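Q: below is the sequence, then the predicted model.
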Amino acid sequence: QVQLVESGGGLVQAGGSLRLSCVASGSIRSINAMGWHRQAPGKQRELVAVITDGGTTNYADSVKGRFTISRDNAKNTVYLQMNSLKPEDTGDYYCNADLRISYGYGSRYMSSWGRGTQVTVSS
């Protein structure tokens with residue numbers, strides 16, 4: 001019913017930049033918070049940044065001042081601009097969205113995840 005698809009990952013040198021995108025599609029009535037999480041090899045998944053439908057943002061301390069999250073509500077898309085990348089930013093980046101979707105004759109709330117996009121930062 002709902003699909004989140006990330007793009008924009010890749011290999012970049014330390015100090016470089018990448019821009020991740022995530023598009024939500026399906027029987028979507030509305031999207032509340034959207035966020036990016038990452039999972040480094042051998043580590044647990046962690047929150048990187050989140051943005052509410054009103055535009056309020058929150059970042060992990062490790063990315064403050066370097067990463068910027070934004071969204072285009074008309075396109076059901078969330079972005080993550082990553083600057084001054086460091087090798088410790090390497091990992092799989094996952095998009096997450098809290099949505100209200102059409103369900104039967106009504107609607108329901110759900111949280112959906114994308115399959116991830118890989119970011120590798122070389123030193």
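A: Thanks, I have the structure now.
Q: tell me, what residue is most central in the chain?
A: Centroid-nearest residue in the chain: residue 36, 2.9 Å away (criterion: Cα atoms, centre = their mean).
Q: which residues does it contact?
A: By Cβ atoms under 8 Å, 6 or more residues apart in numbering, the residues touching residue 36 are 20, 22, 47-50, 69, 78, 80, 93-96. Bear in mind the C-beta positions are built from the backbone N, C-alpha and C, glycine included.
Q: now, the residues you listed that are in strands?
A: Counting by DSSP state E, the part of those found in strands is 20, 22, 47-50, 69, 78, 80, 93-96.
Q: of the residues you listed, buried ones?
A: Buried subset of these (neighbour count, 16 or more other Cβ atoms under 10 Å): 20, 22, 48-50, 69, 78, 80, 93-96.
Q: closest to residue 62 out of these?
A: residue 48 (8.3 Å; Cβ to Cβ).
Q: and the gap between that closest one and residue 86?
A: Using Cβ to Cβ, to the nearest Å, we find residue 48 at a distance of 13 Å from residue 86.
Q: same thing with residue 119?
A: Taking Cβ to Cβ as the measure, residue 119 falls 11 Å from residue 86.
Q: more neighbours: which of the two?
A: Taking other Cβ atoms under 10 Å, residue 119 and residue 86 do not tie; residue 119 has more neighbours (22 against 14).
Q: still on that earlier bit, JSON lines please, covering the ones in strands among the contacts of residue 36 and showing pLDDT.
A: JSON lines is the format used below for these (pLDDT from 0 to 100):
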{"residue": "20", "pLDDT": "98"}
{"residue": "22", "pLDDT": "98"}
{"residue": "47", "pLDDT": "98"}
{"residue": "48", "pLDDT": "98"}
{"residue": "49", "pLDDT": "98"}
{"residue": "50", "pLDDT": "98"}
{"residue": "69", "pLDDT": "98"}
{"residue": "78", "pLDDT": "98"}
{"residue": "80", "pLDDT": "98"}
{"residue": "93", "pLDDT": "98"}
{"residue": "94", "pLDDT": "98"}
{"residue": "95", "pLDDT": "98"}
{"residue": "96", "pLDDT": "98"}
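Q: CSV for these, including distance to residue 62?
A: Below are the ones in strands among the contacts of residue 36 laid out as CSV (distance: Cβ to Cβ, whole Å):
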residue, distance to residue 62
20, 16
22, 20
47, 10
48, 8
49, 11
50, 14
69, 14
78, 19
80, 14
93, 14
94, 16
95, 19
96, 18
